[in-house]
Each structure stands twice: as C-alpha cells, then as structure tokens.
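Novice: okay, predicted coordinates and the sequence, questions at the end:
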Amino acid sequence: MAFLPSAKSIMSEFDVIIAFRDTLFRAENQAKAAYKNNFPLSKKGVQWILLVGPHWLPKTLVRILKQQ
C-alpha cells in the first residue's frame, strides 16, 4: 500500500472520476432496492462508502429518498 498514489493526487484523473460515478449509481440502486423492500431508511439519507480499488469515499445518499 505504501507504493500507491495518494487519493488527493488521483481524484482529478478522468478514469477515477468515472469509476466513482459508476460506483455511486450502483450504490443508489442498492439503496433504492432497500427502500422498496421496506428497509428502514433515515430521512437524512443513507450513509454509504464507495470503494474503488484501495481508495474509498464516504457518501450520503439523499436524492433517492426525494425521488421515491
């Protein structure tokens, strides 16, 4: 892990941005499925961790609740 670039240095790279965006769409779909199956979700949103390789990004999914 010591040889990996820092998250700050790669966050402006297009491939990394696309990977996190695609992961965000998958996370939203999973949260929507939980909502449709009556899983109790907070009105403040759903806390999610997006993982791309060894890097991660915490995200609160609020938009899914507004769409339902």
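Specialist: Perfect, thanks for sending it.
Novice: what about the spatially closest residue to residue 54 that is not a sequence neighbour, neighbour count?
Specialist: Distances taken as C-beta to C-beta, 6 or more residues apart in numbering put residue 4 closest to residue 54, at 5.8 Å, once the chain neighbours are dropped. Glycine gets a C-beta too; all of them are placed from N, C-alpha and C. Number of residues near residue 4 (other C-beta atoms under 10 Å) recorded here: 11.
Novice: now do residue 52
Specialist: Residues near residue 52, counting by other C-beta under 10 Å: 16.
Novice: neighbours around the nearest residue to it once chain neighbours are set aside, how many?
Specialist: Excluding the flanking residues, the one nearest residue 52 by C-beta to C-beta, 6+ apart is residue 19, at 4.6 Å. Other residues within reach of residue 19, judged by other C-beta under 10 Å, total 16.
Novice: again, but for residue 37
Specialist: As a burial measure, residue 37 scores 7 neighbours (other C-beta under 10 Å).
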